[in-house]
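A.B. asks: starting from these lines, generate the structure:
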Amino acid sequence: MKALQGIEGSVEWVERPAPSCDVGQIRIRVAAAGLNRADLLQRAGLYPPPPGASDVLGLECAGVISEVGAGSHWQVGDRVCALLAGGGMAEEVVVDGRHALPAPEGLSLVEAAVLPEVYATAWLNLFKLGALKSGEKALIHAGASGVGSAGIQLCKAFGNPCWVSVGSAERLAYCESLGAQGGVLRTQDLEGLRDFAPFDVILDPIGARYAALDLDLLARDGRWVIIGLMGGREAQLDLAKLLGKRVQLIGSTLRNRDDAFKGELIDELRRHVWPLFAEGRLEPRLEHSFAAKDVDTAFETLASNNVSGKVALVIDDNLV
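C.D. replies: Below is the predicted model:
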C-alpha cells in the first residue's frame, strides 16, 4: 500500500506492507485523513510516534471498513472515522475497533476525517480533565485552530461561556460565529483577557509565553490544562498564586495514552458528543481539502498558521 512518511523535514509517498488485522481490530480503506500540528512536528523529526505505533503520518482518518477482526462489533462496509496513534495517511490502516466512531449522517468522509483528533482532544481536556461544569467560563488559546474550533462548539453546546485568543480580527470573528463570547488578538492586546477573567478552565497549547498571564487569569480552584508548547517550554511562575488560588496545573497528551483509555474516551464521544452532529449543534470546520498529489501544499497550508479550522488530505477519490 502507499503511505506517507515524514523524512528529514519533507513528506514522501512510499510503498509499505499492509498491516495485519488482529483480534478486536478493524481494517479501514482510507478515504481521507485530517492534518494536525503533530504531523508537522513528526515531519520535522520532533515528534516520533509512541513505541509500537506506525511511523506513517496521520492521527485521524475516515473511510470504509474492509475487514473485521474477531471480537469487534463493526461490520464490513461501515463508514467510520478513527482516532489513531499514527498511520492515517495511507491507503489502508488497521486500528483497535474501540477507537472508531460512525461517520455522522449527512457528512462526507472528508468532513468526518477531521473530527476524531480535535473533538477527542477538546472533550478530554475541557470536560474530562478540565471538569467544566455548566455555566463555568473557559479560555481557549489559539481559538481558531482545529482543537479551538471544536472546543468553542462544545462549550456552546454544554452551556459554558468561552473566550479566545487568536491572531487576527478575521479569526476572532470566526470564533465568535462558532459561539465564543469574545476575545483578543495575541499580537495586539493579550492583556485584554483580564477584562473577561476570571476563568474556571484555560486550554493552553502555547505554554511558557502565556504562563504568567494564565495564572493571573484563573479563578480560585481553576484548572489550567497545557496541551502544547508552541510558545516555549520554560516559564517562571509565582507559585504562591498557584497555591493561593488552589489551581490545578494539568499537563495533557493524547497520542501516547493506552488503548483502554482511548477506548473509554471514544465511548464518551459516542454517547455525549456524536448525537450533537445529528442535531446540527456541532459541525466539522473543514477549511481546505487537498488531493494526495498536493500533499506538500496541504502541509504548508497548515504550517502557515492562517487556517481557521481544519485541513484534510483526500487519499481515495472513489470513496469520497
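
A.B. asks: neighbours of residue 250, how many?
C.D. replies: Neighbourhood size, residue 250 [other CB atoms under 10 Å]: 16. Yep, even glycine has a C-beta here, placed from its N, CA and C like the rest.

A.B. asks: go through the lengthiest helix in the chain and flag the buried ones.
C.D. replies: When the chain is scanned for its longest helix (criterion: DSSP state H), the result is helix 146-157. Within helix 146-157, the residues that count as buried by 16 or more other CB atoms under 10 Å are 146, 147, 148, 149, 150, 151, 152, 153, 154, 155, 156.

A.B. asks: what would those residues look like in JSON lines with pLDDT and distance to residue 270?
C.D. replies: JSON lines is the format used below for the buried residues of helix 146-157 (pLDDT from 0 to 100; distance: CB to CB, whole Å):
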{"residue": "146", "pLDDT": "96", "distance to residue 270": "20"}
{"residue": "147", "pLDDT": "97", "distance to residue 270": "19"}
{"residue": "148", "pLDDT": "98", "distance to residue 270": "23"}
{"residue": "149", "pLDDT": "98", "distance to residue 270": "20"}
{"residue": "150", "pLDDT": "98", "distance to residue 270": "16"}
{"residue": "151", "pLDDT": "98", "distance to residue 270": "19"}
{"residue": "152", "pLDDT": "98", "distance to residue 270": "21"}
{"residue": "153", "pLDDT": "98", "distance to residue 270": "17"}
{"residue": "154", "pLDDT": "98", "distance to residue 270": "15"}
{"residue": "155", "pLDDT": "98", "distance to residue 270": "20"}
{"residue": "156", "pLDDT": "98", "distance to residue 270": "20"}
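
A.B. asks: tell me the centre residue of this protein?
C.D. replies: Taking CA atoms, centre = their mean, the centroid of the chain lies closest to residue 118, which sits 2.2 Å from it.

A.B. asks: state the three-state secondary structure for that one.
C.D. replies: helix (DSSP: H, G, I helix; E, B strand; the rest coil).

A.B. asks: and it, what does it touch?
C.D. replies: Under the criterion of CB atoms under 8 Å, 6 or more residues apart in numbering, the contact partners of residue 118 comprise 34, 36, 60, 146, 147, 149, 150, 310.
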